[in-house]
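In: what's the 3D shape of this:
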Amino acid sequence: MKLHHLRLTGIGPFAGTVEVDLAALGASGMFLLEGPTGSGKSTILDAIVYALYGQVAGSATSGDRIRSQFAAPVEASVVDLVFETASGIFRVRRQPEFQRQKLRGTGTTKEQARAGLWRIGSPQLIADVIADTAGGGSGLEAIATRIDEVGREIQRAVGLTREQFTQTVLLPQNEFARFLRAGTGERQAVLQRVFGTETYAAVEKQLEEMRKQARREVDAAQQTLGTALARFTEATGLEDEQVTVLEEHAGALRLEPLAALAEEHLASVTARAAEAHSAAGLAQTAEQQARSAAETAGTARTRIDRRRELDALATRLTGEKPAAEAAQSSLQQDETARPVAEVLRRRDRASSTVATALEALTDLAARTRTEHPQLVELLEAEEADAALTSAVEEATGAAAALADLAALETALPERESQLATRREALTAQQQRLTTAIAQLEQRPAQRRGLITQRDAARTAAAGLGEAKIALSAAQEVHQATTAAATQEKAVEKARQAAETTLRTARQRAETETSLRRRRFAGIAAELATDLEPEQACPVCGALEHPHPADPADDAVSPEQVEAAEAARQQAEHAQHRDEQALALARQELARLQQAAGQHTPETAQQLVDTARQAVTAAVAAEQQATELEKKLAAQEEETQRLATAKEQTALHVERERTAIDETARALETDREKIVRARGEDSSIAARRRAHSARARAATGLLEAVRRRTQAEQQAAEVTAEADQALAASGLATAEAVRAAVLAPPERERLQKLVQLRAVEETRLADGLAEEGIAEVDASDGARDQADAAVAAAGEKLTAAQTAAREADGIAARLGGIAERGATARTALATASAQVRAVSEDAGVTVRVADLATGRSSDGERVQLSTYVLMWRLDAVIEAANTRLALFSGSDLELQRDTGARGARKTGLDLLVLDRRTDQVRVPETLSGGETFFVSLALALGLADIVMGEAGGVQMETLFIDEGFGSLDPETLETVVREIGRLAESGRVIGIVSHVGDMKAQIAEQIHVRRGADARSTLTITA
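Out: Have a look, this model is predicted:
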């Protein structure tokens, strides 16, 4: 992964917009992000992580701090990042949630967080995309606009989670040192989160559940076996001794003997059931024979009773025959007279209808004569129907001809009103056209004024780059003059110290010289004390010693000389050290004076103030130029809109004037047509109503004439039909016809009487035709004999049924016992098989679960998830020790604590082997500098392993936040040199620090400074 460009607006302490060209900064492989503590360095790192993952870098830091407290209440904060991975080049923009001032009224409303992700088509388009600050740009392909979708797509493209990213790409302040000193549980949580080993913990949990489930299944299977055995013993009705033996086999899980004994008991029960079933079959056969005999006796008696019933029916039908014949005759006369009576009723109704039609025509003619006498006179004509039809058509045609003119006359007032309204609207349009022309005439002068202001602002803003350079140079001069004043005091202090140590060294040299002279002077006395007679003198060799030297009072011992020599050497070493310190101080003073030039702190501050004012003025001019450019665009757009509106208004006015003239001419033509058509009437509508009234009157008379004619024709037809029907009926007169017609109740009674006799005659014939009825003896003696035979057969049947029921009951009871026993035996066999299978499976499950959860007696009793983390941690330690050997000069080496541990131990503790003393130390005993470079080595090792675990994800950018202040100069140089090797391998390393020595070692720098108003600014030196 490679970071190209970062833009922040309203983020952290940065109130406005700041941009960081990370690609340019990383050209040499390393850059420094420097600034005082609290100036906002870590905000840059938080913004990168927030752009990618929607959260800040530090795990203990709230995400609320991403939005600047200095941002305007109505403006959104934005993080805009362009980055590159193996999947392509992307641009991501995120806007954090904030409380925005309501556009109307008082108070605030929540503005929801937003995010967007785009893919950049090619590297050549990166510059154009960055230049488009609105978030667009040519060559962009939108990928996601929802926050959750953006998060998923970025993680897919980067290949790392946020936790892995902050452990491999961005090492936040104090985060990687916390991993070194973390407790076992916290380190375990970090490793599990970074390497994503939650799956192994889930496997442990699943295996534990499987073990519990296996035990539950074994218990359930054994319980099922006991239940199945109880059901089997109950179903087969075994004796207590037999039940006890079976229960003992089941309790001891002796499944084979249990199955054999159960099978033996089931075979005994089945044999008894078969014997009972055979006996029940013989009893059923005897019952069937008795039933057949009883049915035969019953049938004979039933036939005698049937013949006696039919004989009684025949006697009754013979007595009722005269009445039936009379009823049949009356029904036949009624059937003949009823159609003739109906025709006679229709003839009477037709005569009445003719009279009614004549009366209605007379009344209507009298009412119509007043208004339309000429229409009434047409009734006397020979062809009255045709004359009235002609009158109706004439009046209807005249009314229809006036329909359109009536509608035209009705619409005249509304048309006149609409014409007046259009004329008023045309006048208003003409006024607006005049106003638009006047406005357009003023626009060119306004535009020239805006262009003049914009060009002036651009000219003023053109010096912004030079002003920033001047400000940076002035700030460096001001820093140099301030540091030079301080350094002068340091030089003076070093000079005084060097003079003091020089005097001391000279004094101690003189003292040593004096002591040596005195020591040489007293050597003769020391030798004299050792002279013996007749022994050679060590100086001259003489055997006689006439004048040996006497010891002096101020004699000097060798120890005194050695002490003086040591004091002299110590003083000279101090003098040499102070002289070097003085030379370095003078060298630094010369450098600072050269950087300060001829300026004093006061004049340098004036330079800074002047440069800052120039930058502020240029920035304001740049903003003013941007605003004026927007105003010019808006003014041009408004001018175009006004011109378009003017053209449209002019066209509309011309068209409307023409249309109004045409409408007025058409209105006048229609008005003249109406006047001509209404004649002497007050209106077209009145004239049309008169024609319509004449048409309605003629229509009424015509319909009355037609009803009278139709009634007369129908009356003549019905009369002829009635005469013909009466002659054909054979009845002499109409009164005879009416007398022959039966009343409905009487007709229904006679019909039922005839129908019932026919049914009974049929029943009699069918009964005599039944089998055995015609030849049966129906006497009383034969009936008594049949009763005796039925009684005897019934007694035999009852006895056979009783015997069959008893046999069936015994067979059913024993058969049920055998059937239930077989079912229970099958269930018992199934339960036995289940116990055997579950016990075998449970054994394997429990052994695997014990091994994975650390409960097994085999091995080291380490949980599966812990074992995986121990393996990962060993790989991290091995990678970390490669760099730690360079950082510490092979003095320190990381180790994992492999001491004795039980199931509750994790084996994730860290130790440090100090090869200087060959002792193992805990991380808490490391010094500040040791803690930093050990933590850094561990973090870099962790980054290497995580990237390898993430599928070989290549991270071309790495940030290291703080910690360098705890290193001595030699170690700092070593650490920076090793970091430089990382940069040489293709990585871009961003170091976040406020240590002054780092500035002299790294050329590319991002400078973050916080002003008196707590707002931060950012400048770049590349």
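
In: list the helices and strands the helix or strand where Ala824 lies packs on?
Out: Under the criterion of DSSP states H and E, Ala824 resides in helix 780-853. Helix 780-853 sits against helix 198-236, helix 255-319, with contacts defined as 3 or more CB pairs under 8 Å, 6 or more residues apart in numbering; DSSP states H and E. All C-beta spots, glycine's among them, are computed from the backbone N, C-alpha and C.

In: what residues sit buried inside the shortest one?
Out: Just to be clear, that refers to helix 198-236. For helix 198-236, the neighbour count (16 or more other CB atoms under 10 Å) marks 200-201, 203-204, 207, 210-211, 214, 217-218, 221-222, 224-225, 228-233, 235-236 as buried.

In: and stretch 452-472, how far apart are its ends?
Out: Taking CA to CA, to the nearest Å, stretch 452-472 runs 32 Å from one end to the other.

In: what of stretch 24-44?
Out: 16 Å.

In: buried residues, that stretch. List them.
Out: For stretch 24-44, by 16+ other CB under 10 Å, it's 25-26, 29-35, 39-44.

In: restricted to helices, list those residues.
Out: Using DSSP state H, the subset of the buried residues of stretch 24-44 located in helices is Leu25, Lys41, Ser42, Thr43, Ile44.

In: phi and psi next, for Gly38.
Out: Phi and psi for Gly38, reported as degrees, to the nearest 10, are phi 90, psi 10.

In: one step back: turn the ones in helices among the buried residues of stretch 24-44 into CSV, including pLDDT.
Out: CSV is the format used below for these (pLDDT from 0 to 100):
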residue, pLDDT
Leu25, 83
Lys41, 83
Ser42, 82
Thr43, 88
Ile44, 88
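
In: nearest to Gln724 among these?
Out: Taking CB to CB as the measure, Thr43 is the one of these closest to Gln724, at 122.5 Å.

In: that closest one: what's it in contact with?
Out: Applying CB atoms under 8 Å, 6 or more residues apart in numbering, one finds that Thr43 lies in contact with Leu8, Ile11, Gly12, Pro13, Phe14, Ser1016.

In: again, but for Leu471
Out: Val608, Ala611, Arg612, Ala614, Val615 are the contacts of Leu471 under CB under 8 Å, 6+ apart.

In: neighbours around Val129, how many?
Out: Per other CB atoms under 10 Å, the neighbour tally for Val129 reads 22.

In: so it, which state does it fall into?
Out: Secondary structure, DSSP: H, G, I helix; E, B strand; the rest coil: Val129 is helix.

In: quick one, longest helix in this structure?
Out: The chain, longest helix under DSSP H: helix 601-678.

In: counting by contacts, list what the helix or strand following that one packs against.
Out: Note on helix 601-678: by DSSP H and E, the next helix or strand toward the C-terminus is helix 684-729. If you count contacts as 3+ CB pairs under 8 Å, 6+ apart, helix 684-729 packs onto helix 321-368, helix 373-377, helix 384-401, helix 403-461, helix 601-678, helix 734-740.

In: okay if I get those as TSV plus mean neighbour count?
Out: Formatted as TSV, the helices and strands packed on helix 684-729 follow (neighbours: other CB atoms under 10 Å):
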stretch	mean neighbour count
helix 321-368	14
helix 373-377	14
helix 384-401	16
helix 403-461	13
helix 601-678	14
helix 734-740	15
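
In: please name whichever of those helices is nearest to Leu768.
Out: Of the helices and strands packed on helix 684-729, nearest to Leu768 by CB to CB is helix 321-368, at 18.3 Å.

In: tell me how far the closest one lies from the chain's centre.
Out: 88 Å (CA atoms, centre = their mean, to the nearest Å).
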